[in-house]
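Chemist: Show me how the following folds:
(one chain, ligands or ions: 1)
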Amino acid sequence: MKRSSAVTSPPSLSLFLLLLLPLLAQSSDDLIDKICRVTPFIDLCEASLRPLTPSPSDPKSLASAMASVVLGNMTDTLGYIQSLIRHSHDPAAERALAQCAELYRPVVKFNIPQAIDAMRRGELGFATYVLGDAEKQTDTCQKWINSAGADDENSVALTARNKQVKNLCDVAISVIKSLMKGR
Ligand SMILES: *[C@@H]1O[C@H](CO)[C@@H](O)[C@H](O)[C@H]1NC(C)=O
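Modeler: Numbering: from 1, shown residues only. This is a model prediction of the structure:
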């Protein structure tokens, strides 16, 4: 009977829509998920990218957003170091802090902004190099802080910030590498 096909077609149409809708609704959330999943710090990656408005909607803008988060955190950390220097009464700690500031200043003023520019031009290899270098600077700074032997709350706070910047660099490098592989 002809009738039965007329009856079955609406359900199959709605089934079709049901299957199609999630695809149409695929938002930048899913992209963030996909990209963060292959980074070494998934939670940190998500925490960095999810709150951004407008939400980055393609891999390229995700990668440069991630580099901007690194820049923001490292700039913040430099500011924190400078405020510690102003209030320091311990010459050894002050020297270590001054060395950290020397390292971080060019990285936040020139290197990372240049890397972000380079990413816009598609020069991704250069960006991973700069972020790898930034990560090394956090290690070197941390060694100085450790060897200055201060264990007050400020040093503990700085250590946590250094660690966060280092991990953010790792995440950013991994996001850029995903982009290079076209994932
Ligand atoms: C530092 O990183 C955290 C975690 O990703 C992020 O939520 C925060 O906005 C960043 N801070 C700055 C100043 O960029």
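
Chemist: For the closest residue to the ligand within the chain, which residues are in contact?
Modeler: For the chain, the residue positioned closest to the ligand under C-beta to the nearest ligand atom is Gly72, at a distance of 2.2 Å. Bear in mind the C-beta positions are built from the backbone N, C-alpha and C, glycine included. Remark: with contacts taken as C-beta atoms under 8 Å, 6 or more residues apart in numbering, Gly72 is in contact with nothing.

Chemist: Quickly find the element holding it.
Modeler: In the assignment (DSSP states H and E), Gly72 maps to helix 59-87.

Chemist: What residues sit buried inside that helix?
Modeler: Taking 16 or more other C-beta atoms under 10 Å as the neighbour-count basis, helix 59-87 is seen to contain the buried residues 59, 61-71, 73-75, 77-78, 80-81, 84-85.

Chemist: okay, which residue is most central for this structure?
Modeler: Central residue check for the chain by C-alpha atoms, centre = their mean: the C-alpha nearest the mean position is that of Met66, 3.5 Å away.

Chemist: Could you list which residues are in contact with it?
Modeler: Taking C-beta under 8 Å, 6+ apart, we find Met66 in contact with 45, 48-49, 168, 171-172, 175-176.

Chemist: what about stretch 40-50, distance to the chain center?
Modeler: 7 Å (C-alpha atoms, centre = their mean, to the nearest Å).

Chemist: got the CA coordinates for that stretch in CSV?
Modeler: Only the C-alpha atoms of stretch 40-50 are listed here, as CSV (Å, rounded to 0.1, in the frame of the first residue of the first chain):
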residue,chain,number,x,y,z
PRO,A,40,50.2,17.2,28.0
PHE,A,41,48.0,19.3,30.3
ILE,A,42,44.4,18.9,29.1
ASP,A,43,42.8,20.7,32.0
LEU,A,44,45.1,23.7,31.7
CYS,A,45,44.5,23.8,27.9
GLU,A,46,40.7,23.8,28.4
ALA,A,47,40.9,26.4,31.2
SER,A,48,42.9,28.6,28.9
LEU,A,49,40.8,28.3,25.8
ARG,A,50,37.2,27.9,27.0
